[in-house]
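>>> next one to model:
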Amino acid sequence: MRRRVLTLWDGKVFLALVVLMGCIIAAVSSYQHIYMKTPDYAVSQVIRAVRAGDTETVNRHVDEGALSGQFFDALVSHTSDSTDESFLLNIIRSPLRASFITTANLYLNWGLAGNTDNDEYQKTETNLRRTLKSAGLSVPLAGWHLNGADWSHDNTVKLYLYNDRLGATIPCTVTLEQTPSHTWMITGLADPEAFLNDLREVMKQELTEYNKPTQKKIDAIMTVRNVSSKIVSGQGRTFLRLSYTPVFRKDRTDIAAVKAVYTLRRDSDKVVLYTSPLRLSTSAEKRTYESQFLLNPLIPSQYSLIRSQTLDGMTGELHITAITLKDGTSFSLADTLPDGQ
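Residues are numbered from 1 along each chain as shown. Below you'll find the predicted structure:
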């Protein structure tokens, strides 16, 4: 009787082991044939590879050239505000775009592999930083981490990029496409403009915080209010006329020079349509001061202003960036973060 019980018990154990092995085999098979062929698996591999400095895996799952090209196109479009198809086509074919893609890809791959202690890397970093700064995006190049991602949705995945210098996380939604081998590859930015706007907003907040002490000193001397703008035409030329009221908190005769930046933005998406540095006058005591800028029809965004003859849906801002007193004291806001970042 005892032997019979043991035999039955051994049979149940064997059956349980068979079922367990079947579950394990099914799970492995499901992983290999289902999950490994999903966008989420490709993204998980990219995150792992980025953290490990595995450039081979990153290159297998990421079309870096396509990402760099789309980023460049968004930069140009954001800066020029042009929707002219021939203009954008010329930009896409331009040597500058090809150079940017090559430079960005070299920088990313060398940085990922840790191959940064050489003159070529430093030169590449300098060129890339100069290009971004000329487009008004002095973003830190170092200290970026791919911290995670959401689950995929309609062949798109939202990634989360964290930067040490900014102390901020920036979302970036990417698109994926299936390869002939049934794996997935990141092939583009789902919304390049939104990604750029998020970058700019974080940079603006960080720079504002950094400039706070200097800004308080400038405001203690002079501020401006009642800023307004309008289009003025005459004799075949069109001007953007700026009006503002200075508020002197220190005797204006003690002020030697005031530098400022005028910016005109579209309200709907905050795109910059016009920007220019200028010197503010303090030579006369009057309530309203005016400056005007000649618009250039060869610049797409300015041509649009000339044609519209109105600034409806746009807002002009005048920001004092530096003040020098006659005693030699000077206060100037930084336009980039320290250490070239």
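>>> which positions within stretch 178-196 qualify as buried?
For stretch 178-196, the neighbour count (16 or more other CB atoms under 10 Å) marks 183-192, 195-196 as buried. No exception for glycine: its C-beta is placed from N, CA and C like everyone else's.
>>> then stretch 39-54?
39-47, 49-50, 54.
>>> what of stretch 57-64?
Neighbour-count burial for stretch 57-64, counted by 16+ other CB under 10 Å, picks out 57-58, 61-64.
>>> any idea how far residue 222 is from residue 309?
For residue 309, the distance to residue 222 equals 33 Å [CB to CB, to the nearest Å].
>>> the more surrounded of the two?
residue 222 (19 against 11; other CB atoms under 10 Å).
>>> need the nearest residue in space to the more buried one, chain neighbours excluded.
Of all residues beyond its chain neighbours, the one nearest residue 222 is residue 248 (5.5 Å), with distances taken as CB to CB, 6 or more residues apart in numbering.
>>> would you agree the one you found is in contact with residue 281?
No. Look at residue 248 against residue 281 with CB atoms under 8 Å: they stay out of range, at 12.0 Å.
>>> now the helices for the chain?
2-33, 39-52, 55-61, 64-80, 85-93, 95-113, 119-134, 192-219, 300-308 (DSSP state H).
>>> just the mean pLDDT for the shortest one, thanks.
Computed over helix 55-61, the mean pLDDT rounds to 92.
>>> neighbouring contacts of that helix?
With CB atoms under 8 Å, 6 or more residues apart in numbering as the test, helix 55-61 has contacts from 42-43, 45-46, 48-50, 64, 109, 112-113, 183-186.
>>> among these, which pair sits farthest apart?
Farthest pair in the contacts of helix 55-61 (CB to CB) is 113 and 184. Separation: 23.2 Å.
>>> on that earlier part again, redo the buried residues of stretch 57-64 as a markdown table? Include distance to residue 103.
Putting those into a markdown table (distance: CB to CB, whole Å) gives the following:
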| residue | distance to residue 103 |
| --- | --- |
| 57 | 23 |
| 58 | 17 |
| 61 | 22 |
| 62 | 17 |
| 63 | 17 |
| 64 | 12 |
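>>> closest one to residue 151 out of those, please.
Nearest to residue 151 among these: residue 61, at 16.7 Å, using CB to CB.
>>> hmm, back to that, for residue 258, find the nearest of the helices of the chain.
helix 192-219 (9.1 Å).
>>> what's the closest one packed up against?
helix 64-80, strand 168-178, strand 314-325, strand 330-332 (3 or more CB pairs under 8 Å, 6 or more residues apart in numbering; DSSP states H and E).
>>> chain center to the longest one: distance?
Taking CA atoms, centre = their mean, to the nearest Å, one finds the center of helix 64-80 at 10 Å from the center of the full chain.
>>> angle of it against helix 300-308?
Between the axes of helix 64-80 and helix 300-308, defined by axes from the mean of the first three to the mean of the last three CA atoms, to 10 degrees, the angle is 40 degrees.
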